[in-house]
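*Asks:* With the input below, show me the fold.
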Amino acid sequence: MTQLPKCLLVDDSESMLHLLSMFMENIGFEPLMAHDGDEGIAMVRDRHPDLVVSDIHMPNRNGLLLLQDIRRLNPHLPVILITGYVSAKADLNSITEEPDAFMEKPFSLEQLKETVSRLQPGIERAWTVH
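*Replies:* Residues are numbered from 1 along each chain as shown. Sure, this is the predicted structure:
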């Protein structure tokens, strides 16, 4: 049996984690969940996800810091940052690393599916080139 690609979902909202988890499972991913950036970076180290979908505004380590730490661990790991704050786009200008995609809440599951499809080549090689 072929192993499903793993998607790490990082959000401090339990309802958002649940929704994203069900969706990612429906499109063929094994969902992994973390409630903040600290849990998220530990999961990247331990579980080697093939894709990360992270909120930006979270307690402890926010999504921007998580992105920087992920890039240091594996610069090839695709990262989608999501936020409900319009000001977060300006926050992206303050960091040197860029996410592979940025989505503003609310977004449709179809938009997320299109974004994941666009990142598929990177997902497939996330840890093979590392």
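*Asks:* how about the residue nearest in space to the middle of the chain, what does it touch?
*Replies:* Nearest to the mean C-alpha position of the chain, counting by C-alpha atoms, centre = their mean, stands residue 53 at 1.8 Å. Residue 53 sits next to 7-10, 20, 24, 79-80, 82, 112 when contact means C-beta atoms under 8 Å, 6 or more residues apart in numbering. (C-beta placed from N, C-alpha, C; glycine too.)
*Asks:* How about residue 21?
*Replies:* Residue 21 touches 9, 31, 33, counting by C-beta under 8 Å, 6+ apart.
*Asks:* just to revisit the earlier point, want to try a markdown table for the contacts of residue 53, with neighbour count as columns?
*Replies:* Converted to a markdown table, the contacts of residue 53 look like this (neighbours: other C-beta atoms under 10 Å):
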| residue | neighbour count |
| --- | --- |
| 7 | 26 |
| 8 | 28 |
| 9 | 28 |
| 10 | 32 |
| 20 | 23 |
| 24 | 25 |
| 79 | 26 |
| 80 | 20 |
| 82 | 26 |
| 112 | 19 |
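*Asks:* Out of those, which one has the lowest pLDDT?
*Replies:* Within the contacts of residue 53, residue 82 has the lowest pLDDT, namely 92.
*Asks:* That residue - nearest residue in space that isn't next to it in sequence?
*Replies:* Spatial nearest neighbour of residue 82, chain neighbours left out: residue 103 (4.7 Å); criterion: C-beta to C-beta, 6 or more residues apart in numbering.
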